[in-house]
Every structure is written in C-alpha cells, then in structure tokens.
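> here are the coordinates; sequence isn't available:
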C-alpha cells in the first residue's frame, strides 16, 4: 500500500513519536491483521464526514478494480458477528461493489468510536477534492468527541489552519438543509455559504433566495448566482441591524432575560470578530431577538411612564386606542436635529407648553423616544394648520370635483354608445379618416418616418424638422384621400411592421394577405435576387475597370 502524506492533526496529548499505521492513520489500541474480507461482511460507517461520491469517478475506479484488483487495503474495525465497519476507504468499498467483487483486502484494527472518528477526519483532510462542508463535518465530529476533548484552538493548530478558518468551517454545519444541499451540489460557492451560515436558521432561507437573480438568457428566464460581495451588501442592508441605532440599553441583562445583554452576545458581530471580520459596524445577526428586545423596551417604557404618548410614523385616521398619527403631532428637534444645526425660524426647534414625551410604536423607529406637540391650538407648532371651517370647505370642494368627474366620464361613455349605434357599413370617408389617423398615431416614430418616406412626404433628413413635416404631411394626405386610398393606408399601417421582419410559420400576416390576393411571392423574390446580382456584378466591373486601364497603360510604357 502506498504511504500517504502524514496529516498534522493528532489526538491531544499525543507525542510526535506516536506510532502510526502504514497509511498514516493514528494507531488504534491494537493493530490487527491484513486479509481479504467478503463485501457482504462490510458496511459503511455512519460517522464518515465524506457525503458525496462522483458517479463517474466511481465507475472509473470500478473498471480499474475489475482488471487490476484493489491495491490499497481498506481500514475496518470489527462490530461483531463477523461484521466490519469501513473506517477508511468508503470510496473503494463502493467501487468494489460496482465492480461486483466478492471480497476486498482490508486491515482490521480495534478502534474506539472516538479513534474511528479521528481516523476518518484525518483521511478526509488528506484528500485533495474534499468539499468544505465535509471538512466542516469532520471538524464538528472532533469538537463533539467526549474523550479526548478537542478545542477550536487545538484543531486549528494541529490542522495547520487559522482559528477563523476552523470557526468558519464549523459554522457551515449550521446551514439549514435546503442551503446545505445546494452547497453540496455546487449551486452556491463557499463564499456564499459562509455568509449564509453566519445567520440564524430563520434568516438563512431568505438570504439564500437573495443570492440568486432572475435574468433572461438565451435559454430563457433563469436564476443566476450573484457575486459574494453583492450578497454581503444585501445581508448588511436587510438582515444585520446596527446596534448603535438600537433604542434599548445594550448592557441591560434584564430586558430580555433569556437573551441576556448584547455586550456578551455571540450573535453580535463585534463580539465575534473572527467570523464577521468583513462587517465594519457592530450589528445584531438575530433580527427576531432584536425585535423582541425592542418590544420589551416599548412595554417597559409605557409601564414605567404611563403618560408617555404612543405615536406612529404614518398618517392615521385617529382611530380609538390607536397610536397618534403623523398628521396629529409635530416632532420637536430641540437639539438641532440630526444635522446638529439650529434654525431659529423652524417651529420644530422651539419648545412650547404642550411639549411632552412620546415613543414610536411602529416602523423602523419603533422604541425611539422623542418630544412632540399634539396641541392643535398651539400657535408655535400648529400655526399654519387650517381651521376646521377651512378643512370642511376643502372637503366639500373635493367631493364636488369627484362628482363632476364621475358625471363627465359617464356622459362620454353614453355618447360613445350613441355614436356606435349610428355607425353603418361600409364606413364613410370621415370615419376612415379618424381610424387611419389613430393607426398612424400608434406607429412608433421611426416607422412613421418610414411611412412618410414611402409617400414622399419628407424632403432630406433633419431630426429637428422630421416630426413637424410628418405631422403636416400626413394630415394633408388624409384630408385629400378618398375612401379607396384610405382603405389602402389602413392596410399599410397594419402591415408596415411585417415588411421589416418575417414571422415563422403560418402567422406571417404579410404572406397571408399576399396569398389572399393571389400575389406570386416567389416571382417577386426571384426578381429581387436578380436585381441584387446585377448590382453586385456592376459594382465589381466598376472596381475592376480602373485596374485594367492601369495595367494597359503600364504595358504600353
């Protein structure tokens, strides 16, 4: 058996001189024998971190086993009744079954459950194609061992990785099942998976959905994976909540006893800088906990200060027992507001006798305490408020405007019905003019220009004067055209677009009309090809003639 590179990961307390097996694995309590074991006596280990096996490479390995046999023995441990668990070599075991081998060579060793897990982790770390999630499961298995006991620092030191690397891999094991499956099938990258794994389970699906963007491609509407930086920006904007703006006391452990204080919370990005090194502002990664603390803060404030007004950031209709709407109060910014600049002429900068404390109970400002004035008779903050009489007059005027508009629309619909009742077939010139002009109005600008050129309504080409020339020319042409010409113009409006592009199948309106009028389309196409060929030949002769004349002159000299 070929010796593999020795892995740096060893059991805590083990010395460098610890004996090894021939495949670089930590030695078991007692080495066993080498022998061929029937496949019927082998079964895979349930603790093996390796979860995915490529079908194509398994078939290639099985073909090699069928011709050359299994050269590298499996590592197995007895489980009783002549049954053995495959500790190392699950891929070879599967390939052997595909090759329909009866037995495989194996080294039988006595291993405890902890030693078996260590062996599997070491084997997987030595693989080149190990998936990050499989590596993470291996680290998690070591961390959960009862004896010997591993720590993150020991795993990092013995595997040659940084603690941030190991912590990131351990976080991958906390991915919810749909995201983990997508990661294992390479639908998302390690960068996307790490960003999502750092979030609470209830937010992971939302972040996973945001990792894809619907785009129209040559194969239709498809979900396309967005860049890692873009997903990180989305998470910071939509899930992470900046603690600086939190309305509650971050040091208060009694506000939500089950969550404790934010200062010692591991879900705070500032607490776990190894995991959240890319997040600049200290933020909360658990929106539900954040909202629960805000709710508790609001309830505690209202209980301790019963006179505190409850206000809303939206306009309300003043419903009973509801918060005071934005239309019924003025928020005072006595400290100069967010900009810090005081403006003497701004009423919001001036206190009044009716000033009182209020707390927002909805929106993004929920829990924030402010000073407000709700006294509608206050001359300082409500001086420009319309009087009740003026408001009543405005309501009456608006009601009249709506009623007049409804009457006008109803009248026009009835006039339309009366007009349609008078229409006779065939249509007269006046009706055809109305319809044709409407059809011309619906044409896009470039098609209207083409229409005008077909009828020689444009002289030269000037983008600034084209529109005016077309408008004047078309109106004059419609005014002078008789019924027969108007009918042709209508058909031209309908078929003009089809003259620029063919439609596959039987939906080509131009060819359908041509067949109806028994027009020989093939003869026209043949004539066009002949004309183009003649023009091409003429252009070629024109280009060759100067060269022949030059050659003749050179020969004469």
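The structure has been received and is ready for your questions. Predicted model, so just to flag it, every value in this text is computed and none were measured. Numbering: from 1, shown residues only.

> and residue 394, how many neighbours?
The number of residues packed near residue 394 is 11, by other CB atoms under 10 Å. All C-beta atoms are positioned from the backbone trio N, CA, C, and that covers glycine.

> other SSEs contacting the lowest-mean-pLDDT helix or strand in the chain?
Here the helix or strand of the chain ranked lowest by mean pLDDT, DSSP states H and E is helix 113-125, holding a mean of 73. Contacts defined by 3 or more CB pairs under 8 Å, 6 or more residues apart in numbering; DSSP states H and E place helix 113-125 against strand 83-88, helix 132-143.

> what is residue 242 paired to in the beta sheet?
Using DSSP bridges, the beta-bridge partners of residue 242 come out as residue 283.

> just to revisit the earlier point, need the helices and strands packed on helix 113-125 in TSV with mean pLDDT and distance to residue 522, can you?
Putting the helices and strands packed on helix 113-125 into TSV (pLDDT from 0 to 100; distance: least, CB to CB, whole Å) gives the following:
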stretch	mean pLDDT	distance to residue 522
strand 83-88	87	73
helix 132-143	83	64
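
> how about the strands in the stretch 101-250 of the chain?
103-108, 212-217, 220-225, 241-242 (DSSP state E, counting those that start in this stretch).

> between these, which one is nearest to residue 476?
Among those, strand 212-217 comes nearest to residue 476, with 43.7 Å by CB to CB.

> so who does residue 315 touch?
By CB atoms under 8 Å, 6 or more residues apart in numbering, the contact set of residue 315 is 325-327.

> isn't there a helix covering it?
No: if the criterion is DSSP: H, G, I helix; E, B strand; the rest coil, then residue 315 is coil and not within a helix.

> now it: how far from residue 331?
14 Å (CB to CB, to the nearest Å).

> likewise residue 50?
For residue 50, the distance to residue 331 - CB to CB - is 60 Å.

> more neighbours: the two, which one.
The neighbour count for residue 50 versus residue 331, taken as other CB under 10 Å, is higher for residue 50 (20 against 17).

> that's a strand at that one, yeah?
No: assignment of residue 50 by three-state DSSP gives coil, placing it outside any strand.

> mind checking the end-to-end distance for stretch 452-467?
End-to-end span of stretch 452-467 (CA to CA, to the nearest Å): 10 Å.

> low pLDDT regions in the stretch 101-250 of the chain?
The model of the stretch 101-250 of the chain has pLDDT under 70 over residues 124-129, 146, 217-220.

> residues near residue 239, how many?
20.

> in contact with residue 97, which residues?
residue 39.

> that one and residue 71: what is the separation?
17 Å.

> what does residue 315 give?
79 Å.

> one more: residue 478?
Going from residue 478 to residue 71 by CB to CB gives 91 Å.

> which one of the two is surrounded by more residues?
The neighbour comparison of residue 478 against residue 71 (other CB under 10 Å) goes to residue 478, with 18 against 11.

> before we move on, what SS does residue 539 have?
Applying three-state DSSP: residue 539 is helix.

> in stretch 47-61, what's buried?
For stretch 47-61, the neighbour count (16 or more other CB atoms under 10 Å) marks 48-50, 58, 61 as buried.

> now the end-to-end length of that stretch.
23 Å.

> what sits up against it?
By CB under 8 Å, 6+ apart, stretch 47-61 touches 86, 90-92, 94-95, 98, 113, 116-117, 120-121, 124, 127, 130-131, 133-135, 137-138, 141, 184.

> pull out the buried residues from those residues.
Here, 16+ other CB under 10 Å leaves 86, 90-92, 94-95, 116-117, 120-121, 124, 131, 133-135, 137-138, 141, 184 buried among these.

> returning to that earlier point: how far off strand 83-88 does the least confident helix or strand of the chain point, in degrees?
40 degrees (axes from the mean of the first three to the mean of the last three CA atoms, to 10 degrees).

> helix 113-125: how far from the chain's middle?
38 Å (CA atoms, centre = their mean, to the nearest Å).

> same check on stretch 165-179?
Computed by CA atoms, centre = their mean, the chain-centroid distance of stretch 165-179 equals 20 Å.

> in that stretch, which residues are buried?
So for stretch 165-179, counting by 16+ other CB under 10 Å, buried means 165-176, 179.

> and what of stretch 498-517?
498, 510.

> mind listing residues that contact that stretch?
By CB under 8 Å, 6+ apart, stretch 498-517 touches 491, 494-495, 521.

> that one: end-to-end distance?
17 Å.

> again with stretch 259-279
22 Å.

> buried sites along that stretch?
Buried-residue list, stretch 259-279, by 16+ other CB under 10 Å: 259, 262, 265, 267-269, 272, 275-276, 279.
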